[in-house]
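*Asks:* Next input, structure requested:
(chains A and B)
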Amino acid sequence: MTAERVLMKGNEALAEAAIRAGCKCYFGYPITPQTEIAAFMAKNMPKRGGTFLQAESEIAAINMVLGAASAGVRAMTSSSSPGISLKSEGISYIAASDLPCVIINVQRGGPGLGGIQPAQADYWQAVKSGGHGDFHILVFAPNSVQEMADMVVKAFEKADQYRIPAMILSDGMLGQMMEPVVFPEISDKMPEKPWATNGHGNKRKHNIINTLFLQPDELEASVSARSKKYETIVENEQDAEFYLTDDADIVVTAYGAVSRICREAVDEARKNGIKAGLLRPKVLWPFPVKDYQKIVPTAKSILCAELSTGQMIDDVKLAVNCSVPVEFYGRTGGNLPSADEIIKKLAEINDSLS
Amino acid sequence: MTDSIIFAGFGGQGLLFAGKLIAYGGMIEGKEVSWIPSYGPEMRGGTANCSVRISDMPVSSPVVSNPDYLIVMNSPSYTKFINSVRPGGKVFIDSSMIDEKCSRTDIDCFYIPATELAHDNGVDGMANIVLCGKLLRETGVIKTESVENALNKIIPESRKALIESNLKAIQIGMDI
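*Replies:* Residues are numbered from 1 along each chain as shown, chains lettered A, B, ... in the order given. Now for the predicted structure:
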């Protein structure tokens, strides 16, 4: 028997999947457009053996995540752009503590308080490390309600595997839209966490979680060990989706909400005789460089589309070593581009190729 | 085959619910569907709206610029969306709320006094569902029984009485 499809908002599907993935502690502070995640958690966590706690601030919430993660519990927080900025200090501490946790950013327009409509202006913050110090977090980029559910499960698993914070970089459109979703069956067997600072009845030596190293050599050893871990992650965790890229002259590249609009634009452009394709990163850190390398021999041009003035485009250019020209189309302020806007840009690029 | 529908009106007229109902019905039929509430500048001007896509294929973009069908329940929304409807499309207008008459000849407009009909038939506040009934009748976008199944899924056990009145409202729309 196949699992039932249910029609749900992206935010709700993500929250449900997080509970199924064994999230036992959720700490948050209200902000639009991530509201439904906190609301769902408030309603469901107490009924299902978990803890929902509305903290006094975003800063408190992320530090509660640090505490719960230290004790070996699967813990999560969610916010939207300005709230993630407040959490940045805590994210740095969690990364420095080598603790697994999941952070959700349902992006809205910025900078400052910005607006409450969809945006992708926090790309740099997410992938270039949202906080001080030498560290990275895993960054997943869903583009459907199904992926909002699937990727949060994966985020918990990978966070535990590598002892690293993992972020779901979503946006207001994915959070608020409804689509059918099927929830994956998840094993309730959680990985062992012998490093956790939990009770043990004096059966072992005490574990210590600490981020302060006043001896330079000790700190360097800690930073270097983490850097080695990042190399493994970069090698193993790149992920992207290819759509009609094999013979594409122009490869559109976009993540999240915009990738959905770009897929429609690619289909329409093909009807008009423009050989377009779509390369969609599903993971933003580590950036799927290997996947971009695959299109270098055939693509004549790349069009990077974002809900920003151009952030991911930097990584795209690096990924193809600037060997293919990279054009840009962006909207900001909470506006989404229409498929027609992308098609028009594709037509312009196509004309310039001939 | 993809059908795109915009549901637009004032907040409180139940447009978001109507869209969800039709999307849910499509999903029950095994189709791919998407539902997205008003976004960006469309939120200005006192309108609440949502866009629904129902397709045999995975839905590329949930954002609808040019709908095949439009259900519209207030004047600002009518003004905003009437020219975006695809040629050959169908528009369902609550004529209790909207005085304008459409001059386009490339679309079919149905003027239904849905708010009055709902009131007169004891299903006050269900003009949205009356218009959905007419949509089903004129487009066959989903089957009537799928709407019935969707109502059973969406409406919580504690409010089951509402299913009957929703079905009555659908029937009123179908019979016009």
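*Asks:* the domain parsing of chain A - what is it?
*Replies:* Following the assignment in automatic domain parsing, chain A carries domains at A:6-236, A:241-353.
*Asks:* give me the low-pLDDT residue ranges for the chain?
*Replies:* With no chain named, the answer covers chain A. Scanning chain A for pLDDT under 70 picks out A:1-2.
*Asks:* Let me rephrase: I mean chain B.
*Replies:* In chain B, residues with pLDDT under 70: B:39-46.
*Asks:* For it, which segments count as helices?
*Replies:* B:15-28, B:75-81, B:114-120, B:127-139, B:144-154, B:161-175 (DSSP state H).
*Asks:* just checking, what packs against the first one?
*Replies:* Counting by 3 or more Cβ pairs under 8 Å, 6 or more residues apart in numbering or on different chains; DSSP states H and E, the packing neighbours recorded for helix B:15-28 are strand A:6-9, strand A:178-181, strand B:2-9, strand B:32-37, strand B:48-55, helix B:127-139, helix B:144-154. For glycine as for every other residue, the C-beta is placed from the backbone atoms N, C-alpha and C.
*Asks:* and those as CSV, adding distance to B:Asn121?
*Replies:* Output for the helices and strands packed on helix B:15-28, formatted as CSV (distance: least, Cβ to Cβ, whole Å):
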stretch, distance to B:Asn121
strand A:6-9, 29
strand A:178-181, 30
strand B:2-9, 20
strand B:32-37, 28
strand B:48-55, 24
helix B:127-139, 9
helix B:144-154, 17
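*Asks:* Now render the ones you listed as TSV, adding distance to A:Glu16 and mean neighbour count.
*Replies:* Formatted as TSV, those follow (distance: least, Cβ to Cβ, whole Å; neighbours: other Cβ atoms under 10 Å in any protein chain shown):
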stretch	distance to A:Glu16	mean neighbour count
strand A:6-9	7	22
strand A:178-181	8	26
strand B:2-9	26	26
strand B:32-37	17	24
strand B:48-55	22	24
helix B:127-139	28	24
helix B:144-154	16	17
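*Asks:* Out of those, flag the one nearest B:Ile176.
*Replies:* In terms of Cβ to Cβ, the element of the helices and strands packed on helix B:15-28 nearest to B:Ile176 is helix B:127-139, at 5.9 Å.
*Asks:* Now do the strands in the stretch 101-250 of chain A.
*Replies:* A:101-107, A:138-140, A:165-171, A:178-181, A:240-243, A:250-253 (DSSP state E, counting those that start in this stretch).
*Asks:* Reformat those as a markdown table; add distance to A:Glu306.
*Replies:* Output for the strands of the stretch 101-250 of chain A, formatted as a markdown table (distance: least, Cβ to Cβ, whole Å):
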| stretch | distance to A:Glu306 |
| --- | --- |
| strand A:101-107 | 11 |
| strand A:138-140 | 14 |
| strand A:165-171 | 11 |
| strand A:178-181 | 22 |
| strand A:240-243 | 16 |
| strand A:250-253 | 9 |
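*Asks:* would you list these in CSV and tack on distance to chain B?
*Replies:* Below are the strands of the stretch 101-250 of chain A laid out as CSV (distance: least, Cβ to the nearest Cβ, whole Å):
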stretch, distance to chain B
strand A:101-107, 13
strand A:138-140, 20
strand A:165-171, 11
strand A:178-181, 4
strand A:240-243, 10
strand A:250-253, 12
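*Asks:* need the residues of chain B near chain A, please.
*Replies:* Taking Cβ under 8 Å from any Cβ of the partner chain as the contact definition, chain B meets chain A at B:20, B:23-24, B:27, B:32-37, B:39-41, B:43, B:59-63, B:65.
*Asks:* Now list the buried members of the residues you listed.
*Replies:* For those, a burial check counting by 16 or more other Cβ atoms under 10 Å in any protein chain shown picks out B:20, B:23-24, B:27, B:32-37, B:39-40, B:43, B:59-63, B:65.
*Asks:* Burial check on A:Lys24, number of neighbours?
*Replies:* A count of neighbours around A:Lys24, defined by other Cβ atoms under 10 Å in any protein chain shown, yields 18.
*Asks:* cool, A:Pro194 as well?
*Replies:* The number of residues packed near A:Pro194 is 8, by other Cβ under 10 Å.
*Asks:* do you know how far it is from A:His200?
*Replies:* Distance of A:Pro194 to A:His200, computed by Cβ to Cβ, to the nearest Å: 10 Å.
*Asks:* separation between the residue sitting furthest away from the middle of chain B and chain A?
*Replies:* Distance from the C-alpha centroid of chain B, by Cα atoms, centre = their mean, peaks at B:Ser158 (25.0 Å). Using Cβ to the nearest Cβ, to the nearest Å, B:Ser158 is found at 15 Å from chain A.
*Asks:* what about the helices of chain B, which gets the closest to A:Cys262?
*Replies:* Short answer: helix B:15-28, nearest of the helices of chain B by Cβ to Cβ, at 22.7 Å.
*Asks:* by how many degrees do the closest one and helix B:161-175 diverge?
*Replies:* 90 degrees (axes from the mean of the first three to the mean of the last three Cα atoms, to 10 degrees).
*Asks:* Strand B:32-37 and helix B:15-28, what's the angle between them?
*Replies:* Angle, helix B:15-28 to strand B:32-37, by the same axes, to 10 degrees: 170 degrees.
*Asks:* what comes into contact with helix B:15-28?
*Replies:* In this structure, residues lying in contact with helix B:15-28 by Cβ atoms under 8 Å, 6 or more residues apart in numbering or on different chains are A:5, A:7, A:178, A:180, B:5, B:7-9, B:32-35, B:37, B:48-52, B:54, B:71, B:73, B:128-129, B:131-132, B:135, B:141-143, B:146-147, B:149-151, B:153-154.
*Asks:* In contact with the residue nearest to A:Asn210 when sequence neighbours are not counted, which residues are there?
*Replies:* If the residues on either side of it in the chain are set aside, A:Asn210 comes closest to A:Ser97, at 7.5 Å by Cβ to Cβ, 6 or more residues apart in numbering or on different chains. A:Ser97 makes contact with A:Leu66, A:Ala69, A:Ser70, A:Ile209, A:Asn210, A:Thr211, according to Cβ under 8 Å, 6+ apart.
*Asks:* try B:Phe110
*Replies:* B:Lys90, B:Val91, B:Phe92, B:Ile93, B:Lys134, B:Glu138.
*Asks:* I'd assumed B:Pro67 was in contact with the first one.
*Replies:* No - under the criterion of Cβ atoms under 8 Å, B:Lys90 is not in contact with B:Pro67, lying 9.5 Å apart.
*Asks:* Am I right that A:Ala13 is in a strand?
*Replies:* No - with DSSP: H, G, I helix; E, B strand; the rest coil as the criterion, A:Ala13 is located in helix rather than a strand.
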